[in-house]
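**Student:** Have a look at this fold, sequence not included:
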């Protein structure tokens, strides 16, 4: 992919501040309960996916409407911590990120999310610097900003810009229109089932392949991920780990896949690396806690990887001094 743009990666999507906690085994309803495991950090799909690319040293920015308030300040600082530049934030009076309260079941690591969008200001066409967007190598867009997704996809259609779309949220007709314009579409199984009416990932991929020639993937948590590969179905199992919190695992998978696009990896390697990063993210509280930089990759267990993907990881680690 071309490397002469101001940004390697631009993220577009929901911005959130997450408060995450593991629910104590004993809870007294109507009283005060001490929580020992609690984290405050940035969250939301494209935000966490983009943060992974920033952590690895790619030139990364994020487009969002924020304001002069505490939640915006936390979100901006969290992006900065992950290496995401602040050039593309639009500041509007009263605008603020979503606030998400994430309750983690300590027995299953599953999360229940309560979120509020009262002060969230979605992107309009006039908020989008299309001249900058068109120069990026890769765009990561989630469907919580569906209007912006359509505008951007129309603007970059037919260009060399790769578009990784997280199609999780929104009405089916709009999701299908966006799917037809993107280059790399990743859907959770629930969304794929809804827009296709199919009963299994394999059939759903075949149906969506009638609408686009782009890359199509479906994720389904512990069941793994599936991809359409020129008429054949690829399945990548999830890696078994001692999970603490599944928040952000899908975002981590998307980020791993995007790394593979930037590095020129083939589809199976992108899928395996994404699943590996997602598994490691699940071992800590919070979707961004275990997002690795290149040096941190060497601390992850590579023995579970295929030789091809292990070699790809070693190349990323070896390049650490070049991007630090």
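**Tutor:** On my side now, so go ahead. All figures in this text were calculated on a predicted structure; none of them were measured in a lab.
**Student:** which stretches of the protein have low pLDDT?
**Tutor:** By pLDDT under 70, the weakly predicted segments of the chain are 1-5, 324.
**Student:** and with 50 instead?
**Tutor:** Across the chain, the ranges flagged by pLDDT under 50 are 1-4.
**Student:** how about the strands in it?
**Tutor:** 9-12, 16-22, 38-43, 60-66, 84-85, 89-91, 98-104, 111-116, 138-142, 162-166, 184-188, 215-219, 225-229, 232-236 (DSSP state E).
**Student:** what lines up beside the shortest one in the sheet?
**Tutor:** Just to be clear, that refers to strand 84-85. Looking at strand 84-85 with DSSP bridges, its partner strands are strand 60-66 (parallel).
**Student:** tell me how far the partner strand is from the chain's mean position?
**Tutor:** Offset of strand 60-66 from its chain centre (CA atoms, centre = their mean, to the nearest Å): 14 Å.
**Student:** so that strand versus strand 138-142, what angle?
**Tutor:** With axes from the mean of the first three to the mean of the last three CA atoms, to 10 degrees as the basis, strand 60-66 and strand 138-142 are set at 40 degrees to each other.
**Student:** buried stuff in strand 60-66?
**Tutor:** Buried residues in strand 60-66, counted by 16 or more other CB atoms under 10 Å: 60, 61, 62, 63, 64, 65, 66. From N, CA and C alone the C-beta is placed, and that goes for glycine too.
**Student:** Pick the most deeply packed of the strands of the chain.
**Tutor:** Burial among those, expressed as mean neighbours by mean count of other CB atoms under 10 Å, is greatest for strand 9-12, which shows a mean of 30.
**Student:** Residues contacting that one, please?
**Tutor:** 46-47, 49-50, 53-54, 58-64, 84, 88, 123, 128, 132-133, 136-142, 145, 148-149, 152, 258, 262 (CB atoms under 8 Å, 6 or more residues apart in numbering).
**Student:** And the helices in the stretch 201-324 of the chain?
**Tutor:** The residue ranges that make up the helices of the stretch 201-324 of the chain, judged by DSSP state H, counting those that start in this stretch, are 201-208, 249-263, 267-281, 294-297, 307-318, 320-323.
**Student:** Quick one: distance of stretch 129-136 to the chain centre.
**Tutor:** Relative to its chain's centre, stretch 129-136 lies at 20 Å (CA atoms, centre = their mean).
**Student:** mind checking the end-to-end distance for it?
**Tutor:** One end of stretch 129-136 to the other measures 11 Å (CA to CA, to the nearest Å).
**Student:** Identify the residues contacting that stretch?
**Tutor:** Where contact means CB under 8 Å, 6+ apart, the residues beyond stretch 129-136 that reach it are 5-10, 63, 88, 139, 151-152, 155-156, 159, 161.
**Student:** Of these - the most surrounded one?
**Tutor:** Per-residue neighbour counts (other CB atoms under 10 Å) across those peak at residue 10, which has 31 neighbours.
**Student:** Save the buried residues of strand 60-66 as CSV, and put in distance to residue 99 too.
**Tutor:** Shown next, in CSV, are the buried residues of strand 60-66 (distance: CB to CB, whole Å):
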residue, distance to residue 99
60, 24
61, 23
62, 18
63, 20
64, 15
65, 15
66, 13
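**Student:** Out of those residues, which comes closest to residue 320?
**Tutor:** For these, the closest approach to residue 320 (CB to CB) belongs to residue 60, at 16.3 Å.
**Student:** what sits opposite that closest one in the beta ladder?
**Tutor:** Judged by DSSP bridges, the bridge partners of residue 60 are residue 9, residue 84.
**Student:** Hmm, residue 87 and it touching each other?
**Tutor:** No: the pair formed by residue 60 and residue 87 falls short of the contact definition of CB atoms under 8 Å, at 10.3 Å.
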